[in-house]
Structure formats: C-alpha cells, structure tokens
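Visitor: let me see the structure of the following:
(one chain, ligands or ions: 2)
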Amino acid sequence: MWKILISLSLCVVCLSCSKELDEPLTQRETSYNKAFEDYIGKPNSEQTWGDWTLKVPSSTRGLNNDTTTWTSFKTPNYPSYTETFGVIVTFGGFYDGTNTVSIPKGDYWVMTLYKNEGQYYIEPTSTRHWFYAHSKMSSISFYDQSKKKYEPIVNIDSLVLIESLDEYDGVMPQFAYYNELYSENHFEQRIIEHNGIYYVGFDFYADGFLDNHMTNIHERDYIYNDWIIMVIPADRRDQEKVYDEKRVICEDLSSNLDFDFNDLVYDVAIVDLDGRLKTRITIQAVGTTQPINLCGNEVHHLFNTSMVCINSGGKKGGIKKEPLKLYLDEVYGNIRDISVTVFYDNKIHFLGCQKGSIPQKICVSKDYKWNSEGLGIWLSYPRFKDWVSQPSIDGWMNNCKTELVYQMR
Ligand SMILES: [Ca+2]
Ligand SMILES: [Ca+2]
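Guide: Numbers count the residues shown, from 1 in each chain. Ligands and ions are numbered 1, 2, ... in the order given. So this is what the prediction gives:
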C-alpha cells in the first residue's frame with residue numbers, strides 16, 4: 001500500500017464548503033439537481049447523507065490506564081531477577097551526589113520495583129512513634145508537560161503505561177513522590193540506568209523538626225531505597241491502531257450525470273501512528289477522467305497517472321491501483337470538513353453534503369461497495385431512493401446487487 005504524508009498546510013479544509021446560500025446555482029448545478037430529482041427523487045429536508053462523525057479517543061498522551069490500548073505496544077522487557085537484585089543493593093548505599101542520568105523523552109512502562117522497610121520515628125512522646133518511610137509516601141507522580149503539573153500514577157505497584165514522557169526540563173524533575181508528613185510533592189531521587197532500563201529511587205525526606213520545632217523526627221538518611229520504580233522503554237508494534245473508519249463516495253458534477261457515486265471513493269480513519277493521533281485517508285477509487293481534488297491535491301496526480309478511471313471498472317481504459325494512503329496531522333471528528341473540489345466553468349465547486357440539499361458526497365460504512373463505472377447508485381442499491389426521501393430507513397447499504405458493484409479482485 002502506498003503511503004503519502006502530507007502536512008496540514010496542503011489540506012484545504014472546507015470549513016464553509018456549503019454553497020453560500022445566497023449564491024445562485026450555476027447552470028451545471030441546476031442541471032445536476034434536476035437530474036438527481038428525475039432519477040432518484042427529492043431529498044427529505046432531514047436527510048444528512050450519512051453519519052459524518054468519527055469517534056476520537058480523548059488523548060493518547062500522558063498516563064494511559066486504558067489497558068485495552070496497550071496492545072499497540074510490545075510487552076515490556078522486564079529485567080532479570082539478578083539485575084534487579086543488583087540495583088536494589090546499589091540503591092541501598094549512602095549517596096549524596098547529584099543525578100547525572102535523565103530519562104529520554106519517550107513511551108515507558110512504569111512499575112514499582114521495591115519498597116524499603118526502613119523506619120523513622122517521631123518524638124517526644126511517651127513512647128517513640130515509629131513508622132515505615134513508605135507509609136508516608138502515598139504516591140508517585142510524573143510531570144505531565146502538557147498539563148504543566150504532576151499526575152499521580154495509579155496502579156504503579158503493578159504496571160502502568162506513560163506515553164510521551166518528557167525529559168527533565170531543567171526545572172521540573174520527571175518524577176516526584178507525595179510526602180504525607182509535609183503534604184507536598186518531594187523530589188529526593190537518584191536515577192540509575194542499567195541495560196536500557198531506568199531505575200528511580202526515592203529517599204524519604206524529613207528535616208528533623210515538625211510542629212514548630214517542638215517535635216523531633218528522625219532526619220532523612222540519603223539512602224534512596226524507600227521507593228524504587230522501574231521505567232522500562234515501551235516499544236510500539238509496527239502496525240498502526242485504527243479507532244474508527246468510514247467511507248465517503250462522491251459524484252463529481254461532470255456533465256454525464258450518471259450518479260454512479262464512484263468518482264471519488266475514500267475512507268477516513270482516526271489512527272494512532274507512532275504515538276500520535278492522525279487522520280488517515282485511504283483513496284480507494286477515482287471514477288472520473290476529470291480533475292478532482294481531495295484536500296487540495298489532484299487525485300490522479302497523487303496516483304501518478306493521467307486522467308483515467310482508477311479502480312472503478314468500465315470500458316474507458318480504466319486501470320487498477322493499490323489504494324493510496326494520506327495522513328493528516330489534523331484529527332477530524334467530523335469528516336464533512338474534508339474538502340473535495342472540482343473545477344468547471346472557471347469555478348471551484350466544493351462537493352457538498354448539506355442537510356436536505358442534493359448531495360455530491362455521501363458518508364457510508366467502511367464495507368460499502370462502490371458502483372462500477374456509469375451505473376446509477378439506485379441500480380445497485382434498490383433501497384437508495386427510499387432512503388433519500390425517508391432518512392430513517394436503515395440498512396439501505398445492506399441490500400446490494402453485487403453483480404453491479406465494482407470488484408477489486
Ligand atoms: Ca459519476
Ligand atoms: Ca464515475
């Protein structure tokens with residue numbers, strides 16, 4: 001499958017692609033509308049020409065507790081027992097140096113490796129009050145650069161995915177723990193890298209004084225083993241994850257007025273590609289020999305062909321091509337806004353899908369089979385006409401005369 005990455009700047013978005021209401025119809029548009037009504041009928045005023053919305057996941061950045069999405073990552077490369085034992089021993093030593101290791105930006109699995117049984121005490125009391133350091137360390141957080149704040153990592157005692165962990169920015173460390181004695185985040189930490197895995201050990205902080213210096217507490221010990229976490233690089237699988245996908249079929253306003261709705265057929269998907277949400281457009285067919293533009297790009301040119309029909313059959317010297325993929329940085333929850341234009345009579349026409357108006361674009365399901373060249377859509381889908389006048393009719397696409405639709409193979 002061919003892939004093309006095009007930037008948003010190339011994408012002419014049809015924010016006002018509806019025809020200006022007060023703009024008179026051209027002769028071409030008038031003829032098109034009349035023929036549509038003659039062959040198919042008058043649309044219902046509530047007809048929206050399909051459900052143009054795509055489900056967009058809220059975010060794939062930062063803490064990801066949705067384990068169903070973890071399948072787009074390979075399982076973690078856990079360190080061996082011997083390795084972790086060595087790390088715990090190393091953290092068990094006194095250390096008052098400064099960190100020289102920082103964790104590169106990327107996706108990481110994070111989980112607790114070890115919590116020390118070391119104790120601290122508070123006095124004076126009739127009996128000294130002892131507590132485990134980690135009992136006063138209620139959570140580990142990471143600094144979420146997009147939110148500009150620390151986000152607690154729930155479930156860190158098992159396994160958690162953090163996507164797009166940012167580097168230490170010189171001000172805010174990547175990780176913190178919450179110190180219950182002082183009710184604030186603390187950062188006393190030491191980072192060790194071993195065999196590509198990062199270990200962050202925290203030293204519970206206590207300053208020797210509490211309650212206006214009336215109560216003493218055992219001071220910190222500069223041993224960074226009160227809570228040790230593992231930060232393991234999370235490698236993505238090569239495949240991209242598709243969240244939702246629909247198909248759009250277009251009629252190009254050319255003068256043959258065949259209403260085969262195959263003049264441009266493209267699929268629009270919300271995908272996760274390399275950790276970023278994108279809109280993926282897959283061009284399936286170009287059933288016209290006239291120029292037609294998708295997001296401002298002439299589609300025959302994208303396929304590197306002359307003005308021939310592509311993947312639509314017919315007797316006009318059409319050709320077969322592998323579908324063509326484009327990726328847009330913009331994430332489209334409403335795919336009406338993706339523009340398709342044609343140029344006739346010295347004028348750019350945006351192919352429209354306005355509610356209640358005669359359409360040149362229709363949104364269908366991903367498994368819709370488009371027509372062979374020159375065959376009206378009502379021939380292959382006998383319930384299409386009913387749907388045009390009665391939008392509540394469901395399933396018109398399921399009633400298909402398969403001998404009339406284009407067969408890719
Ligand atoms: Ca046509
Ligand atoms: Ca066609």
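
Visitor: buried residues in stretch 176-183?
Guide: If you call a residue buried by 16 or more other CB atoms under 10 Å, then stretch 176-183 has these buried ones: 176-179, 181. C-betas here are computed from N, CA, C, even on glycine.

Visitor: what is the end-to-end distance of that stretch?
Guide: 13 Å (CA to CA, to the nearest Å).

Visitor: identify the residues contacting that stretch?
Guide: For stretch 176-183, contacts defined as CB atoms under 8 Å, 6 or more residues apart in numbering pick out 135-143, 150, 152, 184-187, 189, 202, 204-206, 210, 217, 227.

Visitor: where do the strands sit along the stretch 301-409 of the chain?
Guide: Per DSSP state E, counting those that start in this stretch, the stretch 301-409 of the chain carries strands over the ranges 324-328, 340-344, 347-350, 361-364.

Visitor: what's the closest of those strands to ligand 2?
Guide: strand 340-344 (12.3 Å; CB to the ion).

Visitor: one step back: pick the one among the buried residues of stretch 176-183 closest to ligand 1.
Guide: For those, the nearest to ligand 1 is residue 176 (61.1 Å; CB to the ion).

Visitor: helix or strand: which one has that closest one?
Guide: Using DSSP states H and E, residue 176 falls within strand 175-179.

Visitor: return the list of strands paired to that strand, each annotated with direction.
Guide: On the basis of DSSP bridges, the sheet neighbours of strand 175-179 come out as strand 137-144 (antiparallel), strand 184-186 (antiparallel).

Visitor: how many other residues sit next to residue 55?
Guide: Counted by other CB atoms under 10 Å, the residues lying close to residue 55 total 9.

Visitor: let me see the contact set for it.
Guide: 243-244, 270, 333.

Visitor: hmm, back to that, looking at the strands paired with strand 175-179, which is nearest to residue 321?
Guide: strand 137-144 (43.8 Å; CB to CB).

Visitor: just the buried residues of that closest one, please?
Guide: Buried residues in strand 137-144, counted by 16+ other CB under 10 Å: 137, 139-144.

Visitor: I'd like the next helix or strand past that strand.
Guide: Using DSSP H and E, the helix or strand that follows strand 137-144 in sequence is strand 149-152.

Visitor: any idea what the residue lying closest to residue 97 once chain neighbours are set aside is bridged to?
Guide: Closest residue to residue 97 apart from its sequence neighbours, by CB to CB, 6 or more residues apart in numbering: residue 190 at 7.9 Å. For residue 190, the beta-bridge partners are residue 201 (DSSP bridges).

Visitor: I figured residue 190 hits residue 95, correct?
Guide: Yes - using CB atoms under 8 Å, residue 190 is in contact with residue 95, at 5.8 Å.

Visitor: what sits in contact with each of those two?
Guide: residue 224.

Visitor: more neighbours: which of these two?
Guide: residue 190 (23 against 16).

Visitor: and the more buried one, how far is that from residue 364?
Guide: Distance, residue 190 to residue 364, using CB to CB, to the nearest Å: 58 Å.
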